[in-house]
Structures are given as C-alpha cells and as structure tokens.
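Peer 1: Please work out how this folds:
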Amino acid sequence: MWKRLRPWTTRVIPDGEGMAGRKQEHLNERIRQKLGNILLRESGDPRFQAVTISSVSVAKDLSTAKVFFSCYADGADPLALTESLNGAAGFLGHKLARTLTTRINPKLRFFYDSGFDYAVEVDRLLKEARESEKK
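Peer 2: Residues are numbered from 1 along each chain as shown. Alright, predicted model coming up:
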C-alpha cells in the first residue's frame, strides 16, 4: 500500500518506508546493542553474561519493547532465564534509560528465541549424516 507524503504532492512512498520506519529500526538496533552491553558488563547475575540479544521490536508509541534473546551456555533453562530477565526488567530498563536519548523509555519484555537451538539441532543432524556416509 502506498501513501502520499503530503496531500498536495504527487510523490508517494511505500508504507513503512518513511522516516518513522527508519527511526524505529535505528532505535531497535540501538536498544539491542546497549542492552547487550548492560547484560555483559553491568548486571550482577552471571547467567546474564551468556545471554545474547537477537532482536528488539519497539512498539510504535515506544511504550513497550519485545526483547528476543538466546543463551549460549550449556544446560541453561530458557524458562527460568526468561523469568529472571523479566524480573530484572526494571533494573535493565533504568540502566538503558541512562544511555538512550529518547523522551519515552520503553518497558522491556523478554522472550526466548529458540532459533539458535534449532540451528544447533540441524547442525548435529548434518554431522550425524556425514558420519554415517563415511562408514
């Protein structure tokens, strides 16, 4: 769907391609980078140091941010880690607010991204297939 920039112009841009879309993508990336640094350097919980932020999705009104993460530590419980991160969301949001220059700071909600687990499983299956071909 296309929309007009101004009612009196004939130039149109695709939906989601305007300045607001680029600003939101930039904010998502900034939050992802800064939150990763906070988890690595400023959090006191050693479990958070194995967490990698895979993506962030901020709502259009900047009220909430969905933070998707993966954990590279062996034997980490995703459910317990999600609960811990959501419990520390206030602390992490406060640290994040100090580094962002936005007027409104989003409330953080953490979700486990199982994409890494799926990739590890596929890799394991491919290794098994290669080993069975060698025999």
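
Peer 1: Contact partners for the residue most central in space within the chain?
Peer 2: For the chain, the residue nearest the mean C-alpha position is S55 (2.4 Å; CA atoms, centre = their mean). Contact analysis of S55 by CB atoms under 8 Å, 6 or more residues apart in numbering lists 28, 32, 67-68, 113. Bear in mind the C-beta positions are built from the backbone N, C-alpha and C, glycine included.

Peer 1: Which of the helices or strands spans it?
Peer 2: Assigned by DSSP states H and E, S55 falls within strand 51-58.

Peer 1: Spatially nearest residue to S57 (excluding sequence neighbours)?
Peer 2: K66 (4.5 Å; CB to CB, 6 or more residues apart in numbering).

Peer 1: Give the rounded mean pLDDT of the helix or strand harbouring the one you found.
Peer 2: Per DSSP H and E: K66 is located in strand 64-71. In this model, strand 64-71 carries a mean pLDDT of 92.

Peer 1: please renumber so the chain begins at 59
Peer 2: Okay, residue one is now 59; in that scheme the one you just asked about reads as strand 122-129.

Peer 1: Report all helices and strands that it contacts.
Peer 2: If you count contacts as 3 or more CB pairs under 8 Å, 6 or more residues apart in numbering; DSSP states H and E, strand 122-129 packs onto helix 77-99, strand 109-116, helix 136-145, strand 165-170, helix 173-192.

Peer 1: Distance to Y130 and mean pLDDT added to those, as JSON lines?
Peer 2: Shown next, in JSON lines, are the helices and strands packed on strand 122-129 (distance: least, CB to CB, whole Å; pLDDT from 0 to 100):
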{"stretch": "helix 77-99", "distance to Y130": "12", "mean pLDDT": "87"}
{"stretch": "strand 109-116", "distance to Y130": "6", "mean pLDDT": "91"}
{"stretch": "helix 136-145", "distance to Y130": "11", "mean pLDDT": "91"}
{"stretch": "strand 165-170", "distance to Y130": "13", "mean pLDDT": "94"}
{"stretch": "helix 173-192", "distance to Y130": "7", "mean pLDDT": "85"}
